[in-house]
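Participant: what follows is a predicted protein model with its sequence.
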Amino acid sequence: MLSYLERGSGFPLVLVHGNFASKEWWRGLLEDPPEGVRLLAPDLPGFGDSPAPPDFTPSIPAYAEALRGFLRAVGAEEAVLLGHSLGGAVAMEAAWEGTKGLVLLNSAPPSGLKTPEAYYPILESYRENREALAAALAAMAPTRRPPWFPELVDRAQRMHPAHFQGNARALSAWRLQRPYGGPVLVLYGALDPLVSRAMAEETAAFFPRGRLLVLEGVGHSLNLEDPPRLKAILEAFLGEVMG
C-alpha cells in the first residue's frame with residue numbers, strides 16, 4: 001500500500017506527483033480542498049514514505065500499476081486523476097474506461113520526454129549535492145516556493161537510489177499506446193523551463209476530448225506556485241465532469 005495524504009470528502013480526485021517529488025508537493029491544495037472533493041495524494045514507489053525494493057527499476061508502467069493498486073485499495077477506481085510532470089505520464093498510463101477525467105499539469109507528453117545523455121551525471125550528482133538539487137527544484141517553481149520548500153528538497157534527496165537517473169530514462173523510453181477517451185484538461189504554465197508549449201499542445205491533441213489551458217505567470221509547478229488558482233481550475237473542471 002502506498003503512503004498517502006487525504007483531505008476532504010466527496011468525489012475522489014487523486015494527485016500524482018512528479019520526479020524528485022512526493023505527496024507533500026500537493027500540501028497547499030490539501031490545506032484548502034475543493035468543496036465536495038476527496039483529495040488523495042499518494043507517494044509513488046521509492047518516493048516520500050513509499051518504499052521500493054532495492055532492485056527496483058523505474059518505469060512508467062510499473063508506477064501506473066502501483067497507482068491502480070492504490071486506487072483499488074482506497075475505493076477510488078473511478079477518480080479523476082491529476083498528474084504533474086512525470087506524474088502526468090503515470091496518470092495517462094493508469095487511466096481506464098472507468099476514470100472520470102484526467103488533468104495533466106505541465107506533464108510529459110504521450111511521446112515521452114527525452115533527457116540528453118550529458119545530463120544523467122548531473123541527475124546522479126543530486127544524491128550528494130543538496131545545493132544543486134535545491135537550485136534545480138527551485139527552477140521548477142520560479143514564481144513562488146512555499147515555506148516548506150526545504151522539506152521538499154530533503155525528501156527529494158532521499159528518493160530510491162535508482163530514481164536519480166532511472167526516472168528520466170523511464171520517461172525517455174515510454175510511449176503511451178492508447179489514448180484515454182474521457183475528458184482531458186492539459187494545464188501548461190508558460191514559464192516552464194522543462195516542458196515546452198509544443199509538448200503541451202501535442203498532449204492535448206493526442207486525446208479525443210483533450211483541451212489545453214495555458215497559464216501565464218507561472219512555471220512548471222502550479223501546485224507549489226499558486227494552489228488557489230489550481231483549486232479554482234479544478235472546481236470548474238470537476239463541475240463539467242460531474243455535470
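Facilitator: That came in fine, so what should we check first?
Participant: average model confidence for stretch 223-237?
Facilitator: The average pLDDT for stretch 223-237 rounds to 98.
Participant: identify each buried residue in that stretch, please.
Facilitator: 223-227, 230-231, 233-234, 237 (16 or more other C-beta atoms under 10 Å). Where C-beta positions appear, they are placed from N, C-alpha and C, glycine not excepted.
Participant: likewise stretch 29-37?
Facilitator: Within stretch 29-37, the residues that qualify as buried by neighbour count (16+ other C-beta under 10 Å) are 29-30, 33-34, 37.
Participant: how about those in TSV, adding pLDDT?
Facilitator: Formatted as TSV, the buried residues of stretch 29-37 follow (pLDDT from 0 to 100):
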residue	pLDDT
L29	98
L30	98
P33	96
P34	94
V37	97
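Participant: contacting residues around stretch 139-148?
Facilitator: Here stretch 139-148 makes contact (C-beta atoms under 8 Å, 6 or more residues apart in numbering) with 24, 27-28, 85, 138, 149, 191, 193-194, 217-221, 224-226.
Participant: filter those residues down to the buried ones, PyMOL style.
Facilitator: Of the contacts of stretch 139-148, the buried ones go into a single PyMOL selection, burial set by 16+ other C-beta under 10 Å:
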select buried, resi 24+27+28+85+149+191+194+218+219+220+221+224+225+226
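Participant: center of the chain, which residue is that?
Facilitator: The residue lying closest to the centre of the chain (C-alpha atoms, centre = their mean) is H84, at 2.4 Å.
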